[in-house]
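Mind looking at a prediction? Sequence and model below.
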Amino acid sequence: MKNKNKVIIGGVIAVLVILGLFLFFSFDALSNNYNIRDNSTLRKTTFSLVSSAENSTINYKKNYGYIEDIGDGRGYTAGIIGFTTGTGDLLDVVHIYTQKVPNNDLKKYIPALKSVNGTDSHKGLGQKFVLAWKTSANDSKFIQSQNELLTRMYLNPAVNYAKKDGLSPLGQYMYYDALVVHGPGTKDDHSSFQSIRFNAMKRAKTPAQGGNEAYYLKQFLKARTTVMKQEEAHSDLSRLKAQLHFINQHNFNLTLPLSWKMYGDRYRLTKQDVNELP
């Protein structure tokens with residue numbers, strides 16, 4: 001009987017040790033480089049997923065020169081994640097680019113960009129500005145400028161909040177996508193990422209609080225759905241349905257290949273696709 005008890009106790013200890021190692025390495029992976037910012041494959045995967053929603057392609061390297069007014073009240077939408085003249089982040093891109101390349105074709109539009117910030121106006125911009133943006137996308141410094149702002153304003157916050165909440169790469173991508181669409185904001189700004197996260201945390205515990213990740217992420221989607229439906233430009237919930245699809249698949253590590261639908265189109269992302277992206 002004593003030997004049987006020893007075997008049982010030994011088995012329990014072994015399970016606890018394995019579980020402890022699993023939790024340690026899971027936390028270590030998230031806290032070090034296994035995240036959508038520092039892991040190359042996860043970063044490219046995330047950019048491709050967002051690109052399918054923003055520009056109808058998984059080849060996001062085509063998007064740096066993209067620019068048009070999509071009629072959402074934010075003026076011109078441009079670049080890899082849709083910087084806008086109406087929210088000021090497009091102006092920030094031009095400022096960063098001008099620091100790198102003082103004599104660039106976009107610098108002269110800075111006064112006009114300041115003037116239209118907060119509106120949907122094209123005053124002082126127009127087709128010459130559109131052409132200058134597209135032409136500038138041939139310059140690696142311009143691409144670097146977009147990536148720097150993207151990382152500072154959206155990618156870093158997504159990873160940092162995901163670390164606090166104990167989220168997987170899927171959760172990190174979902175936070176990043178919400179930040180890109182809604183902006184960081186505050187919990188009192190009801191259309192912002194912070195408010196969406198705050199409302200999700202009222203409905204469910206995060207994994208860091210001992211909650212179930214799948215359940216928490218579904219509550220995050222519910223909170224975000226309410227915000228999305230308030231804007232005509234975001235009334236199509238394809239990007240949220242794609243995220244729910246990955247949750248239901250339990251693909252929390254965004255393991256390739258990925259298949260999803262976005263605005264009626266089907267997409268598939270393979271390791272080969274990712275390896276060919278910058």
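That came through fine.

Start from the N-terminal end of the stretch 101-250 of the chain and give the helices.
Listed from the start of the chain, the stretch 101-250 of the chain has helices (DSSP state H, counting those that start in this stretch) covering 110-116, 126-136, 140-150, 156-165, 169-182, 193-203, 213-228, 238-248.

can you redo the ones you listed as a markdown table with mean neighbour count?
C-beta coordinates here come from the backbone N, C-alpha and C atoms, glycine included. What follows is the helices of the stretch 101-250 of the chain, written out as a markdown table (neighbours: other Cβ atoms under 10 Å):
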| stretch | mean neighbour count |
| --- | --- |
| helix 110-116 | 16 |
| helix 126-136 | 16 |
| helix 140-150 | 19 |
| helix 156-165 | 19 |
| helix 169-182 | 25 |
| helix 193-203 | 19 |
| helix 213-228 | 20 |
| helix 238-248 | 18 |
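
want to try a markdown table for these, with mean pLDDT as columns?
What follows is those, written out as a markdown table (pLDDT from 0 to 100):
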| stretch | mean pLDDT |
| --- | --- |
| helix 110-116 | 98 |
| helix 126-136 | 98 |
| helix 140-150 | 97 |
| helix 156-165 | 98 |
| helix 169-182 | 97 |
| helix 193-203 | 97 |
| helix 213-228 | 97 |
| helix 238-248 | 98 |
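
mind putting the ones you listed in TSV, distance to residue 96 included?
Converted to TSV, the helices of the stretch 101-250 of the chain look like this (distance: least, Cβ to Cβ, whole Å):
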stretch	distance to residue 96
helix 110-116	12
helix 126-136	12
helix 140-150	4
helix 156-165	15
helix 169-182	17
helix 193-203	22
helix 213-228	29
helix 238-248	27
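
Run a quick neighbour tally on residue 264.
By the criterion of other Cβ atoms under 10 Å, residue 264 has 8 neighbours.

And for it, nearest residue in space, chain neighbours not counted?
Nearest-residue entry for residue 264: residue 238, 7.7 Å, with adjacent residues in sequence omitted and distances by Cβ to Cβ, 6 or more residues apart in numbering.

Equivalent analysis for residue 82, please.
In space, not counting the residues next to it along the chain, residue 82 is nearest to residue 54; the distance is 5.1 Å by Cβ to Cβ, 6+ apart.

Contacts only, for that neighbour.
By Cβ atoms under 8 Å, 6 or more residues apart in numbering, the contact list for residue 54 reads 63, 81-82, 180.

which of those residues has the most neighbours?
residue 81 (28 neighbours).

wait, is that one part of a strand?
No - remark: residue 81 does not belong to a strand; assigned using DSSP: H, G, I helix; E, B strand; the rest coil, it is coil.

Which pLDDT value does the model give it?
Listed pLDDT for residue 81 reads 94.

That one and residue 258: what is the separation?
19 Å (Cβ to Cβ, to the nearest Å).

what's the answer for residue 174, then?
If you measure residue 174 against residue 258 using Cβ to Cβ, the figure is 14 Å.

ok, now residue 164?
26 Å.

now residue 269
Relative to residue 258, residue 269 is positioned 5 Å away (Cβ to Cβ).

which residues do these two both contact?
Where contact means Cβ under 8 Å, 6+ apart, the residues bridging residue 269 and residue 258 through contact with each are 45, 49.

tell me the contacts of the nearest residue to residue 162 once chain neighbours are set aside?
Using Cβ to Cβ, 6+ apart and skipping residues adjacent in sequence, the residue nearest residue 162 is residue 172, 4.2 Å away. Shown in contact with residue 172 (Cβ under 8 Å, 6+ apart): 35-36, 42, 46, 158-159, 162.
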